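Trainee: generate coordinates for the sequence data below:
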Amino acid sequence: MAEQAADAAQHRFPKTKNETMVLTKEELISSLQNEVRILLHLASKVDRNQLDYRPTPKQRSTIELLRYLTIMGPSLIPAIKTGTFDGAAFGASQAAANAMNIDRVIAAIEKQSSDYAQQLGSWSDADFRGEIDLFGKKTSRGSHIVFVVLSGYAAYRTQLFLYLKACGRDELNTMNLWGGMDGPMQG
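Mentor: So this is what the prediction gives:
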């Protein structure tokens, strides 16, 4: 059992070696910007009368999910850069996000696209390869960005998509979720 857990942890956050990056810096930034674009597309489908929808009492509502997405990536990049998560700063960001209405939420998410280019544009390959221990996982900064931030967007946008479907947006399909656009599914 312990061996399986170790294997699972290794696959989630593989150890790094000083080898060629799988993604270039530009590809990583572009991938993050694409996630922001898809998220904005899905957010544009939210019926403002259903912002308080939540699948179960203990899950975030639609507006709470979107508010969280205003801070998820932007708060994690500095933590990944320094290797230290600032809980107080995250809490302050969360409190500010909790005060946002939907228009401010959308504006904050829109800003993330340029923020990622600015935040990560000056990083060197060595910065991305530098190993940190964050959230109990020791791996490269680049790996943390992919496994925590980039994967986080994919997970949370899927959650938003499911909320939209549950709220009656039956016309939405895979093109909306993965392509960030309206249109029939390609057969």
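
Trainee: the strands in this protein, which residues?
Mentor: 131-134, 137-140 (DSSP state E).

Trainee: could you pull out the helices for this structure?
Mentor: 2-12, 25-43, 62-69, 72-82, 87-98, 102-121, 125-129, 141-144, 151-166, 174 (DSSP state H).

Trainee: hey, which of the ones you listed is tucked in deepest?
Mentor: Mean neighbour count (mean count of other CB atoms under 10 Å) peaks for helix 141-144 among the helices of the chain, with a mean of 23. (C-beta placed from N, C-alpha, C; glycine too.)

Trainee: torsion angles phi and psi at residue 123?
Mentor: phi -70, psi 140 (degrees, to the nearest 10).

Trainee: residue contacts, it?
Mentor: Counting by CB atoms under 8 Å, 6 or more residues apart in numbering, residue 123 touches 25, 81, 141.

Trainee: residue 35 versus the last one, what's the distance?
Mentor: The one in question is residue 141. Relative to residue 35, residue 141 is positioned 18 Å away (CB to CB, to the nearest Å).

Trainee: before we move on, what about the first one?
Mentor: Taking CB to CB as the measure, residue 25 and residue 35 are separated by 16 Å.

Trainee: residue 153 too?
Mentor: Residue 153 is 4 Å from residue 35, where distance means CB to CB.

Trainee: likewise residue 132?
Mentor: Distance from residue 132 to residue 35, by CB to CB: 22 Å.
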